[in-house]
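[1] Starting from these lines, generate the structure:
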Amino acid sequence: MVVRFIDNQWQYANNDVWVDFTPTTGDRLIAAVNFDSSQVQMLQGSTGSVNGINQGYLAGDLTITPNQWRNTYNAGEFGISGTYFTFE
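    Now for the predicted structure:
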């Protein structure tokens, strides 16, 4: 799920619509995505929080691939694969 913090409000992407949400204790940011440059920075080893959401994880096999969805090229989409991540 892609989220952003804009105008002091967290939002998640629901295709072409941004929906406001209030973070809960279990929410966690695992990557930073730049849609303009199709770059992904995994947050493995990062700590702390960003506007109330914890960030980072200790270990995992997650991969995020720009411009891909369900193993097929799709401009502007980001595919995620993997089976686990740990944060404690």
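[2] Let me know the next secondary structure element after the longest strand that the chain contains.
    Secondary structure assigned by DSSP state E gives strand 72-81 as the longest strand of the chain. Where DSSP states H and E defines the elements, the next helix or strand beyond strand 72-81 is strand 85-86.
[3] in the chain, which ranges drop under the pLDDT threshold?
    The model of the chain has no residue with pLDDT under 70.
[4] can you give me the strands for it?
    So, for the chain - with DSSP E - the strands run 3-6, 9-14, 17-21, 28-29, 31-34, 39-42, 49-50, 53-55, 59-60, 63-69, 72-81, 85-86.
[5] Need the ones you listed in CSV (columns: mean neighbour count).
    For the C-beta atoms, the positions are set from N, CA and C on the backbone; glycine is no exception. Formatted as CSV, the strands of the chain follow (neighbours: other CB atoms under 10 Å):
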stretch, mean neighbour count
strand 3-6, 13
strand 9-14, 14
strand 17-21, 11
strand 28-29, 16
strand 31-34, 14
strand 39-42, 13
strand 49-50, 14
strand 53-55, 17
strand 59-60, 13
strand 63-69, 15
strand 72-81, 12
strand 85-86, 12
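[6] pretty sure Asp20 contacts Asn8?
    No. The pair Asp20 / Asn8 is not scored as a contact, 10.7 Å apart, by CB atoms under 8 Å.
[7] Arg28 bridge partners, please.
    Asn54 (DSSP bridges).
[8] For it, list the residues it contacts.
    Taking CB atoms under 8 Å, 6 or more residues apart in numbering, we find Arg28 in contact with Ile53, Asn54, Gln55, Gly56, Tyr57, Phe87.
[9] try 10 Å
    Leu43, Ser49, Ile53, Asn54, Gln55, Gly56, Tyr57, Phe85, Phe87 (CB atoms under 10 Å, 6 or more residues apart in numbering).
[10] That one and Thr72: what is the separation?
    According to CB to CB, to the nearest Å, Arg28 and Thr72 sit 28 Å apart.
[11] just the contacts of Arg28 now: which is nearest Tyr12?
    Closest approach to Tyr12 among the contacts of Arg28 (CB to CB): Ile53, at 11.3 Å.
[12] Done for today, thanks.
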